[in-house]
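# Fold the following.
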Amino acid sequence: MKKSAVVLCGIILSLFFIGAARAEEKLAYIDLSTTFNEYYKTKEYDKKLTDKEKVFVTERDKRVGDFNAYRDKLNLLSDKEKEGKSKEFESKAKSLKDFISQKAGELEKEREEKMKEILNDIQAAVKEYSEKSGISMVLNDRVLVYQQKTQDITTEVIKILNKKR
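Next up is the predicted model:
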């Protein structure tokens, strides 16, 4: 009985000291979407991606137009003539589909790589600011039910990110 009381007292004291140590920890939060959107690399990349998408859409539309024109010409042919051109038609359709799929995949892959790079940059900036400010934990504002604006480090992190420009 005395052993269990001593163990229980030890546990309670441990929890008290852990709680006291945690009370000294400094917490902060960051608005990740604002940080992401205000980072100069995000803005630069959005412009580059938009330009690449425009080039892709122009090329895709040209190829679709050529394909549709070919299909319209086929529709004017007799059934026998259509049969002779069916393999060529299928080849053109596959080529168009492959082009669209490949280019869309390349754009998506590039977008994912840049997002990963940007998020890594944000994480590094958060770490830099936190270490300088003695912050032990930074949370994403989306997981918080309530937060005080005094604990928001978004602006400071954006400044760190954009000073590297």
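
# where do the helices sit along the protein?
Taking DSSP state H as the test, the helices found in the chain are 2-23, 32-38, 40-76, 79-133, 154-163.

# any idea how far the closest residue to residue 64 other than its chain neighbours is from residue 57?
In space, and not counting its chain neighbours, residue 64 is closest to residue 96: 6.8 Å by CB to CB, 6 or more residues apart in numbering. Quick note: C-beta positions are derived from backbone N, CA and C, even for glycine. In this view, residue 96 and residue 57 are 14 Å apart by CB to CB, to the nearest Å.

# ok, now residue 124?
Separation of residue 124 from residue 57 (CB to CB) stands at 35 Å.

# Looking at those two, which has the bigger crowd around it?
More neighbours surround residue 124 than the other of residue 124 and residue 57, with 14 against 11 (other CB atoms under 10 Å).

# so who does that one touch?
Neighbouring residues of residue 124 by CB atoms under 8 Å, 6 or more residues apart in numbering: there are none.

# related to what we said a few turns ago, need the least confident one among the helices of the chain, by mean pLDDT.
Here the lowest mean pLDDT among the helices of the chain goes to helix 2-23, at a mean of 47.

# tally of neighbours for residue 45?
Neighbour tally, residue 45, other CB under 10 Å: 18.
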